[in-house]
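Chemist: I would like to see how this sequence folds:
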Amino acid sequence: MMQYFHRQVQLWGEETQLSLQEKSIAIVGSGGLGSSLAFALGASGIGTIHMIDFDEVSLHNIHRQIAFKVGDEGKNKARINAEIIEQRSPYVKALSHECNFEEFSKKNIEVDLIIDATDNLPSRAEINAYAKAKNTPWVYGSVEAFHGQVCFIEDASFTDAFKIIQKTPAGIAAPIVMHIASLQANLALRYLAGLPVKKDMLYYLFFNDEGELVTQKFALPK
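Modeler: Here you go, the predicted model:
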């Protein structure tokens, strides 16, 4: 096993790598962000990964949802991602939950961290309420056009910082989806490995009119 994770073991040693085998996470949503998170975290050695999504693959998903290929239309997204995780790493157990988050929450499965890969504010409000009730931290991520946001939420409340409305997203460029998912995955992996993580700090990334990538930081109210 240590040969498989050799480059990570170089970062933090065998003891930390083994500790990841005892960790469990839930990725809520298995589309754009969820697919990239599955690739980024699925071969990292986290013991159990729960992939959650009721939705099926559509043709218009495929360009930005890297787990899927033409021919996957009509298949459940969570199931495909779980299969890919286990194909890439024999040391990770991936479970698919073909349901929405409300139904998953009723299963009362204990996890160390929840990662948001949804695409709407009401779903994130549900995750926030569940995380508070369970005293479990979660990682928020969102994308639109060429910009995105990410935050590791522990003490802050998402619903205190964001107005929960129904909003139709604008178009999305595929690379920003992978970029935000990568940031979420880095926060998640650092936390699970016991490394420092800045919590309740919102990172907002965007390209300005000159094409410069700008990152702004905002502390969420507690």
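Chemist: Which phi and psi values does residue 186 adopt?
Modeler: Dihedral pair for residue 186: phi -60, psi -40, per degrees, to the nearest 10.
Chemist: ranges for the strands of this protein?
Modeler: Ranges of strands in the chain, per DSSP state E, are 24-28, 48-52, 93-97, 113-116, 138-144, 147-153, 201-207, 213-219.
Chemist: Which residues outside the fourth one are in contact with it?
Modeler: The reference is to strand 113-116. For strand 113-116, the external contacting residues (C-beta atoms under 8 Å, 6 or more residues apart in numbering) are 23, 25-29, 33, 37, 123-124, 127, 130-131, 136-141, 184, 188, 191-192. Backbone N, C-alpha and C define where each C-beta goes, glycine included.
Chemist: any weak-confidence spans in this structure?
Modeler: For the chain, the stretches with pLDDT under 70 are 169.
Chemist: Pick out the residue closest to the middle of it.
Modeler: In the chain, the centroid-proximal residue (C-alpha atoms, centre = their mean) is residue 115; its distance is 4.0 Å.
Chemist: partners of that one in the sheet?
Modeler: Beta-bridge pairing for residue 115 (DSSP bridges): residue 27, residue 139.
Chemist: Kindly report the same for residue 94.
Modeler: Residues in beta-bridge contact with residue 94 (DSSP bridges): residue 49.
Chemist: That one is in contact with residue 47, isn't it?
Modeler: No. When contacts are counted by C-beta atoms under 8 Å, residue 94 is not listed as touching residue 47 (10.4 Å).
Chemist: what about the two, which has more around it?
Modeler: Each of residue 94 and residue 47 has its neighbours counted (other C-beta atoms under 10 Å); residue 94 has more, 23 against 17.
Chemist: so who does the more buried one touch?
Modeler: Residue 94 neighbours (C-beta under 8 Å, 6+ apart): 38, 42, 48, 49, 50, 51, 81, 82, 83, 85, 86.
Chemist: nearest spatial neighbour of residue 1, skipping sequence neighbours?
Modeler: Sequence neighbours aside, residue 91 is the residue nearest to residue 1 in space, at 5.7 Å (criterion: C-beta to C-beta, 6 or more residues apart in numbering).
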